[in-house]
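>>> sequence first, then the predicted structure, then my questions.
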Amino acid sequence: MSTSNTLIYPGQPWHDTDGNRIHAHGGSVITVDGVHYWYGENKERSTPGSGIWHWGVRCYSSTDLVNWTDRGLIIPPAPDDPESPLHPSAGVDRPHIVFNERTGKFVCWLKVMTQGSVQRSTVLTAESILGPYAEVTLWLRPLGMSAGDFDLVVDPHDGKGYYYFERVHSEMIVADLTDDYTDVTGYYSTHFPQPQPPFVREAPAYFRRNRKHYLLTSGTSGYYPNPSEAAVADSYHGPFTVLGNLHPTDASRTSFHSQISSVFRHPGKKDLFIALGDRWLPDYLEDSSRALTEFEAHFAPGRDGDEPMDEFAHVDSSIADYVWLPIRFDGDIPVIEWRESWSPDDYEDL
């Protein structure tokens, strides 16, 4: 069944052009030759009790950001290899893909969680955005650190690459990428140090506007949504100035019950920046106090913060929704407001 829409409905189930629920979680959008590609974690089999965290990385294409055609798995799972970071039980999260003009290759980084707070990266490359992707490095510990949520950034002028990542349960790191974007050089800076979750910043989403470098982050509270925070700097490595809550009209202080995974700047629209978020718990529409209380207790002194929280085993991420909202600016201050529906066509073409 083919469907066609003209509006984006934040927080509502989003279906592809065949009428199937879209599975591109923790996702990003990249534009190649005028076509937008939305890719992310395929959670279609990640039901409670399945033992399946992911079923590869799925990709969709669109020319209007509203109607999306399923292009299939661009990075399939490895169900027959339990030692592979692509095994369905491995915690593959937040794929990010950038294009390297020097090498002519698309470079994909994956965060892979294993037991407890051990988190590593896997890097793959491809000649086409749709793959096939070849593994370059497995189980990478960038800078010898446990690397969590991240974003990849390429300077639009000189092509230099940067890797923004959460040093697990500690601080945010900005590291320079090698020329081929498949590793880090060793040069890095540190930001937003915190003693423990839920205060540690994660889910970094970078964007650049008017020569300012913005970073949106969330607190660390598992699937529970919590307040996002915006920061700004004059360079990739900061220092960053915290601007505070970018959702002033959200009474729940939970980014409208979502976690932002990336920010997409529309290449054909004037000043259209879109915050792409996941609503992991569609039925959990309370304020942030419960989440923070739960996690403060979880990481209290004397308790092993790496112990799994039983309730997360019952989360059905196969029915998670998306919250895509445009960012407006009060001068240089980013602000996100709720909209029941909206269209990219409402924004002026370049």
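All right, it came through fine. Residues are numbered from 1 along each chain as shown.

>>> figure out the helix or strand that the closest residue to Val107 other than its chain neighbours lives in.
Nearest in space to Val107, with sequence neighbours left out and distances taken as Cβ to Cβ, 6 or more residues apart in numbering, is Tyr181 at 4.3 Å. In short, each C-beta sits where N, CA and C put it, glycine included. According to DSSP states H and E, Tyr181 maps onto no helix or strand at all.

>>> what does His54 give?
Using DSSP H and E, no helix or strand contains His54.

>>> that one: neighbour count?
30 (other Cβ atoms under 10 Å).

>>> confidence score at the spatially closest residue to it that is not a sequence neighbour?
Ranked by Cβ to Cβ, 6+ apart and with sequence neighbours excluded, the top spatial neighbour of His54 is Val92, at 4.5 Å. On the pLDDT scale, Val92 is placed at 95.

>>> so how far is Gly148 from Val92?
Separation of Val92 from Gly148 (Cβ to Cβ, to the nearest Å) stands at 13 Å.

>>> hmm, back to that, what's the residue nearest to His54 in contact with, if anything?
Val92 is in contact with Glu41, Trp53, His54, Val57, Pro85, Leu86, Leu110, Lys111, Val112, Thr122, counting by Cβ atoms under 8 Å, 6 or more residues apart in numbering.

>>> the second one: neighbour count?
For Trp53, the tally of surrounding residues (other Cβ under 10 Å) stands at 20.

>>> that one is in contact with Ala90, isn't it?
Yes. Contact criterion Cβ atoms under 8 Å: Trp53 and Ala90 qualify, at 6.5 Å.

>>> may I have the strand or helix carrying Val232 as PDB, with CA atoms only?
Assigned by DSSP H and E, Val232 belongs to strand 228-233. Extracted in PDB, the C-alpha atoms of strand 228-233 (Å, rounded to 0.1, in the frame of the first residue of the first chain):
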ATOM      1  CA  SER A 228      18.400  18.500  26.700                       C
ATOM      2  CA  GLU A 229      21.000  21.300  26.900                       C
ATOM      3  CA  ALA A 230      22.500  23.500  24.200                       C
ATOM      4  CA  ALA A 231      26.100  24.900  24.200                       C
ATOM      5  CA  VAL A 232      28.000  27.100  21.700                       C
ATOM      6  CA  ALA A 233      31.600  27.700  20.900                       C
END
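
>>> phi first, then psi, for the nearest residue to Ala320 once chain neighbours are set aside.
Excluding the flanking residues, the one nearest Ala320 by Cβ to Cβ, 6+ apart is Trp280, at 4.8 Å. In terms of degrees, to the nearest 10, the main-chain angles of Trp280 are phi -70, psi -30.
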